[in-house]
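Asker: Please work out how this folds:
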Amino acid sequence: MNRFYRTFALLAVMSACTSGPVRRTYTTESGQAPSAQPRTHAPSKEDLIKKAQAQYGNGNYAEASKILESVPEESLRPQQKTEYWNLKGLIELANKTPELAGHSFQTALSSNQNPEFTGYYQYNLASALADQKKNQEALQILNSIDPTHIDPTDQRKIELLKEKITWGGTGSLATNQTQASTPSPSPASTPAKPVYTGAVNSSRIGLLLPMSGKYETFGKKVQQAIELAFQNSPITKKYEIELVPEDSGDSQTTQQDALKKLVEEHQVIAVIGPLLSKGIEGLSELDDFYQTPLISIAQAQGVASPFVYSCSISNEDQAAKVMNYATLVRGFKRFAILAPSNKAGIEMAQAFWDQATAQGGSITAYELYEPGLNDFREPVDKTLGLFYKETRAKESKALADQRKDLNITKKTMKTIQYFELPPIIDFDAVFIADEAKTVGQIIPTFTYRNAKDLSYLGITSWNSPQLVSRAGEQAEGATFPVAFNTLNPPDETKQFYDLYSKTYSAAPGELDAIAYDAASAVLQVLKDRPSTREEFNKKLTAIGNIDGATGVITLKNQHCSRNLTLYTVKKGEFETVKEQKDTTGN
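Answerer: Sure thing, here's the model as predicted:
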């Protein structure tokens, strides 16, 4: 194992010790873990591990994971197995799945035969435990590391992680910190987590929204929708309620500063926001200190916290709606997944994969691409088995023999089939976890690569004219869920639509409806006049159903669950989907 590989783990995990959604071990129908490149064959396991290490070192976690999945782990020697499992854990930690990472690091330690490297693997395991909030176990492992085998620079990083666990990053390491030889920290070395105890004004609700910068327009629209809910509620006609907006900006620092100001200066009892997913994990951690109910309308969920509620459209609701239709109505069983390699894309792909597995389906192709990509030939070719031509050498030779026998020397429209391999379409539908603008480029790329008349499944952000304007006729039949159903609206949606349109002389969008839903949840709690943040939080947790702009919402497990509607493209227009099988033959 080289020096770089031993130490980059310390650099990678110090950026954040936070937990995220658990990435499960997925299996195909055969019971084998699906490869991200299912048709790729590597020359040797040693080369694959080195290649995966290099990709990880460059921050290409998705690509590193794909490569590592093709390594025949059962044939590795003990120290190779240690490297394999340690790298697997690092990738899982980078992807915010600390439970899986902890298992991988423990496996690496069990197979390790080189005492010189034990401390590095122990550090990685402690980092995974810290991300799971298992602080005592993490400290026990950190305190057992033998410093004689750790470089001085890395020793300091170990101490910094101890400090972060012990004090939450708010102070210096205690002078009576338990020594490394002690198996577990004493009670005195693990002080209670500090909690904010400042004053609260039970009539003030904070708005944590971007009021300047590139997201200013969205922030102000959301504020309008929230104000509309408060202006027309019987609660505010009976009690005096004050909305206090603070500019969250577009960075983690400005977002946290705004939350601090809302709580400490304005003394709000609860906060609606944030709107942006960027920085939400750090914001959630900070709110653990303030313990102020935070009703988020950001798409990303952030760190699990008893004070943070997600009112956005959940990934799970979207994936379940689409998968029920795909399997029960269309009879689909095999799926390809394409998604951007950012947090939102990976989480959405994971939710869809979970639903496919739960309903007996399988994923035959899974490709991640860089956010902002404009040319999608590579991920599409990988999905269709066209990218790794060496794996289809026999077919390529057969085409060459046919060209020779038929004396074909030029590629034309008539002879192209003798030059290019046909796509491998071993799936019933393609799920793309991206916005309409991007999907409008991806779908035509499949057609360009001779994969025609495919079925496409998507997410709520497909509900945009750009889907059809960009993909044209090739988007025909594309199906996706929506929360704000304006084609066949429930009564709650129609009432909100009419009220918004009359007040602002403009049609509301999905984001406006979600903001209105968040405000409706807050108003439902305020009718009981909670006087403390703790009381507000308890009442919000027990709120049950909410009549919102997107229909009836159920707040459970701190998420807003909605009964979504499916849209499909028919003759260039969106229409609602018939979600049950037609047994009449019509």
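Asker: Now do K397 against F419, distance only.
Answerer: 13 Å (Cβ to Cβ, to the nearest Å). Quick note: C-beta positions are derived from backbone N, CA and C, even for glycine.
Asker: more crowded one of those two?
Answerer: F419 (15 against 10; other Cβ atoms under 10 Å).
Asker: I figured that one hits K410, correct?
Answerer: No: F419 lies out of contact with K410 (Cβ atoms under 8 Å); the separation is 9.1 Å.
Asker: Spatially central residue for this structure, please.
Answerer: E347 (2.8 Å; Cα atoms, centre = their mean).
Asker: which SSE is it in?
Answerer: For E347, the host element (DSSP states H and E) is helix 343-358.
Asker: Following the chain past that helix, name the next helix or strand.
Answerer: Assigned by DSSP H and E, the successor of helix 343-358 is strand 362-369.
Asker: after that next one comes which helix or strand?
Answerer: Assignment by DSSP H and E places the next element after strand 362-369 at helix 377-383.
Asker: Which residues does the next helix or strand after that following helix contact?
Answerer: Using DSSP H and E, the helix or strand that follows helix 377-383 in sequence is helix 393-405. Contact partners of helix 393-405, identified using Cβ atoms under 8 Å, 6 or more residues apart in numbering, comprise 389, 408-409, 415, 418-419, 421.
Asker: Tell me the buried residues in the helix holding E347?
Answerer: 343-357 (16 or more other Cβ atoms under 10 Å).
Asker: Give me the lowest-pLDDT entry from these.
Answerer: Across those, the smallest pLDDT goes to K343, namely 80.
Asker: For that one, give its distance to V380.
Answerer: 23 Å.
Asker: ok, back up a step: ok, and what's touching the helix holding E347?
Answerer: By Cβ under 8 Å, 6+ apart, helix 343-358 touches 21, 23-24, 26-27, 62, 95-96, 277, 299-301, 315-316, 318-320, 322-323, 335, 337, 339, 362-363, 366, 368, 371, 431, 433-434, 459.
Asker: returning to that earlier point: save the contacts of helix 393-405 as TSV, and put in secondary structure too.
Answerer: Formatted as TSV, those follow (DSSP: H, G, I helix; E, B strand; the rest coil):
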residue	secondary structure
K389	helix
I408	coil
T409	coil
T415	coil
Y418	helix
F419	coil
L421	coil
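Asker: how about these, which pair is most distant?
Answerer: K389 and T409 (20.4 Å; Cβ to Cβ).
Asker: More neighbours: which of these two?
Answerer: Counted by other Cβ under 10 Å, K389 and T409 do not tie: K389 has more neighbours, with 12 against 8.
Asker: I'd like the distance between that one and A483.
Answerer: 43 Å.
Asker: again with S284
Answerer: Distance from S284 to A483, by Cβ to Cβ: 23 Å.
Asker: now do T493
Answerer: 9 Å.
Asker: who has more neighbours, these two?
Answerer: A483 (27 against 21).
Asker: Was I right to think that one contacts S461?
Answerer: No: judged on Cβ under 8 Å, A483 makes no contact with S461 at a distance of 11.0 Å.
Asker: Do a quick rundown of the strands in the stretch 151-300 of the chain.
Answerer: 201-209, 242-247, 268-272, 294-296 (DSSP state E, counting those that start in this stretch).
Asker: Quick one: closest of these to S144.
Answerer: strand 294-296 (37.1 Å).
Asker: got a list of contacts for that closest one?
Answerer: In contact with strand 294-296 (Cβ under 8 Å, 6+ apart) are residues 208, 259, 270-274, 280, 283-284, 287, 302, 305, 307-312, 518, 521-522, 540.
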